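**Q** Provided below are the primary sequence and the corresponding predicted coordinates.
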Amino acid sequence: MRILLLSDIHSNVEALEACLAAAPPTDATVNLGDIVGYGASPNEVTERVCGLGGIFVRGNHDKVVAGIDTLEGFNPIAGVAALWNREQLTSEHLAWLRALPKGPVLSDISSVQYVHGAPDDEDRYVVTLEDAALQLRQATANITFFGHTHIQGAFFLRDGVVQAVRPAYATVGKQETWDLQLESGLNYMINPGSIGQPRDGDWRAAFAVFDSEQRIVTFFRAPYQIRAAQEKILAAGLPARLATRLAAGS
Ligand code: ZN
């Protein structure tokens, strides 16, 4: 089974469309949350992911935009964008966002689970080796797909030691893929990266495909119409930083 893994789209429809155009045929779609927030196309993105269907996990921005969590913990720029996203969304889309499930959500595939932040806390950031060690040592599934950090890559536990792996791409502007062959018997935490607001120094939209039979995760980077996404953010009167950071991948 081949699974398309999408995360942290953040109302960036230009980036989402580029990823869907770059993606190979898959059997199922999994969305790891933060569908909205930050960007300027919340209705277009919500419509598109609803149409794709599949498994969903809610993100912290989805909760705040949908009004089921407060702005506490959000920086002022994220807060302004969340409120703007809420104003723009149709009542139908807001109701759909409000009903998204909290992770972890179990996969049909044995010992695979999906979360936004971490298995023990949907809002927790897993950034460092220490963060990953805590999760991997208490893991109830061999493979956890997660988002939230906007950093593409994986952590795994071998002989009690946590290691990190990041895709090694050849270019900074072309469409590329990078394969990670999973070893049996190891526990993994794998982040497909952020589609709509990457923070790993690479501006290209990030996603991944998991082949459960081959046990290969293919990481993708897809260039997209970044100017169009930036112009929409500025035209909406959202903070300029939300446009400039897209180009920096930060
Ligand atoms: Zn996010």
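**A** Perfect, I can see it now. Numbering: from 1, shown residues only.
**Q** CA atoms for contacts and neighbours, from now on please.
**A** Noted.
**Q** which residues are in contact with the top helix by length along the chain?
**A** What stands out as the longest helix in the chain, according to DSSP state H, is helix 76-88. By Cα atoms under 8 Å, 6 or more residues apart in numbering, the residues outside helix 76-88 that reach it are 36-40, 42-43, 61, 64-67, 71, 94, 238-239, 242.
**Q** and if you look at stretch 22-34?
**A** Stretch 22-34 has contacts (Cα under 8 Å, 6+ apart) with 1-10, 52-62, 114-116, 145-148, 175, 209, 222.
**Q** swap in stretch 161-181?
**A** Stretch 161-181 is contacted from outside by 22, 129, 132-133, 152-157, 202, 204, 215-223, using Cα under 8 Å, 6+ apart.
**Q** could I have it exported to PDB, CA atoms only?
**A** Taking Å, rounded to 0.1, in the frame of the first residue of the first chain, the C-alpha atoms of stretch 161-181 are listed here in PDB:
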ATOM      1  CA  VAL A 161      20.600   5.400  20.800                       C
ATOM      2  CA  VAL A 162      18.500   7.900  18.900                       C
ATOM      3  CA  GLN A 163      19.700   9.100  15.500                       C
ATOM      4  CA  ALA A 164      18.300  11.700  13.100                       C
ATOM      5  CA  VAL A 165      18.200  11.600   9.400                       C
ATOM      6  CA  ARG A 166      17.500  14.400   7.000                       C
ATOM      7  CA  PRO A 167      17.000  14.000   3.200                       C
ATOM      8  CA  ALA A 168      20.200  15.000   1.200                       C
ATOM      9  CA  TYR A 169      19.000  16.800  -1.900                       C
ATOM     10  CA  ALA A 170      21.100  17.700  -4.800                       C
ATOM     11  CA  THR A 171      19.600  21.100  -5.700                       C
ATOM     12  CA  VAL A 172      17.800  24.000  -4.000                       C
ATOM     13  CA  GLY A 173      15.200  24.700  -6.700                       C
ATOM     14  CA  LYS A 174      14.200  21.600  -8.600                       C
ATOM     15  CA  GLN A 175      11.700  18.900  -7.900                       C
ATOM     16  CA  GLU A 176      13.400  16.100  -6.000                       C
ATOM     17  CA  THR A 177      12.900  12.900  -4.100                       C
ATOM     18  CA  TRP A 178      15.000  11.100  -1.500                       C
ATOM     19  CA  ASP A 179      14.400   7.600  -0.300                       C
ATOM     20  CA  LEU A 180      14.700   6.200   3.300                       C
ATOM     21  CA  GLN A 181      14.700   2.400   3.600                       C
END
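**Q** Many thanks, have a good one.
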